[in-house]
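Engineer: Fold the stuff below for me.
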Amino acid sequence: MIRIAIVDDADVICESIENFLNKFSKNNGIGIEFDSFYSGTEIIERLKNAYFDCIFLDIEIGKKSGIDVSRFLRETLKNETTEIIYISSHRQYAIDLFDFDPITFLLKPIDKEKLILAFKKFLKRLKISEEIFAFKTGRELYRVPLKDILYFESCDHKIILHTGEDNFEFYDKMDRLVSLLESQKFLNVHKSYLVNSKHIQKYEYELITIDDGKVIPIAQSKRKTIREWQLENDIEETGWKF
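Structural biologist: Numbers count the residues shown, from 1 in each chain. Sure thing, here's the model as predicted:
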């Protein structure tokens, strides 16, 4: 699921961008979750504990401008992975904004074709970086290669990311991670576990064993799905009962 923030003090602009992108995403099988914000102060507060893949950002949005938001994102949070697409009625801002590495600058009134073209550029960048999982712990942004992730564990409203060497805790929902990573061959074997199939050492009917020796249960409701996945991927199973 792609997370998009739209920041503009005119709700009609937020609605039109969301409608255009919703139609495009549904026609192309892309899952998007939208949040709209009507001031720079509002989005800055949200960025302290939320991550967005892309922000459509107006420049003139009250006390905290789009430039203030960009500076907070890039310099304070050290977030270089969230993409920015600027929107404004004034062309003169364009040159000043490229220090923040935006995808592009869209003039109002927003042209639908140019909006979709900008979104396609974002998707292309996302595709290039999809081998990286990005998340926030406090104000720190981490980027972990997917190949290094053994599994995710849900515990006490937090997610624990397990690698071969380090573990990281952050706030997120397991359902969102499942949707985000299933195309990367992460298997939701249990409501509390999302496992990188590349690090599964042994499959059994009720259990799997990870490269680090961790044994994880396969929920009864998941066993048929996991079995079918193994057959589709020609993976040898051990100890299956029928």
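Engineer: Any idea how many residues pack against Lys23?
Structural biologist: Taking other CB atoms under 10 Å as the criterion, the count of residues near Lys23 is 12. (Glycine included, C-beta is placed from N, CA and C.)
Engineer: In terms of helices and strands, where is it?
Structural biologist: According to DSSP states H and E, Lys23 maps onto helix 11-27.
Engineer: What residues of that helix count as buried?
Structural biologist: For helix 11-27, the neighbour count (16 or more other CB atoms under 10 Å) marks Ile13, Cys14, Ser16, Ile17, Glu18, Phe20, Leu21, Phe24, Ser25 as buried.
Engineer: So in that sheet, which strands flank the next helix-or-strand element following it, and in what orientation?
Structural biologist: Per DSSP H and E, helix 11-27 leads on to strand 32-37 as the next helix or strand towards the C-terminus. Looking at strand 32-37 with DSSP bridges, its partner strands are strand 2-7 (parallel).
Engineer: what does stretch 13-28 rub up against?
Structural biologist: The contact list for stretch 13-28, computed with CB atoms under 8 Å, 6 or more residues apart in numbering, reads 4, 6, 8, 30-32, 34, 36, 38, 56, 58, 87, 108, 110, 112, 115-116, 119.
Engineer: Averaged pLDDT, it. What do you get?
Structural biologist: If you average the pLDDT over stretch 13-28, you get 91.
Engineer: Return it as PDB; C-alpha atoms alone will do.
Structural biologist: Once side chains and other backbone atoms are set aside, the C-alpha atoms of stretch 13-28 remain, and they are given as PDB (Å, rounded to 0.1, in the frame of the first residue of the first chain):
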ATOM      1  CA  ILE A  13      -7.300  20.900  -4.600                       C
ATOM      2  CA  CYS A  14      -6.800  18.000  -2.200                       C
ATOM      3  CA  GLU A  15     -10.000  16.400  -3.400                       C
ATOM      4  CA  SER A  16      -9.200  16.800  -7.100                       C
ATOM      5  CA  ILE A  17      -5.700  15.300  -6.700                       C
ATOM      6  CA  GLU A  18      -7.100  12.400  -4.700                       C
ATOM      7  CA  ASN A  19      -9.800  11.800  -7.300                       C
ATOM      8  CA  PHE A  20      -7.400  11.800 -10.200                       C
ATOM      9  CA  LEU A  21      -5.000   9.500  -8.500                       C
ATOM     10  CA  ASN A  22      -7.700   7.200  -7.200                       C
ATOM     11  CA  LYS A  23      -9.100   6.600 -10.700                       C
ATOM     12  CA  PHE A  24      -5.600   6.000 -12.100                       C
ATOM     13  CA  SER A  25      -4.600   3.600  -9.300                       C
ATOM     14  CA  LYS A  26      -7.800   1.600  -9.600                       C
ATOM     15  CA  ASN A  27      -7.400   1.300 -13.300                       C
ATOM     16  CA  ASN A  28      -3.800   0.000 -12.800                       C
END
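Engineer: Much appreciated, bye for now.
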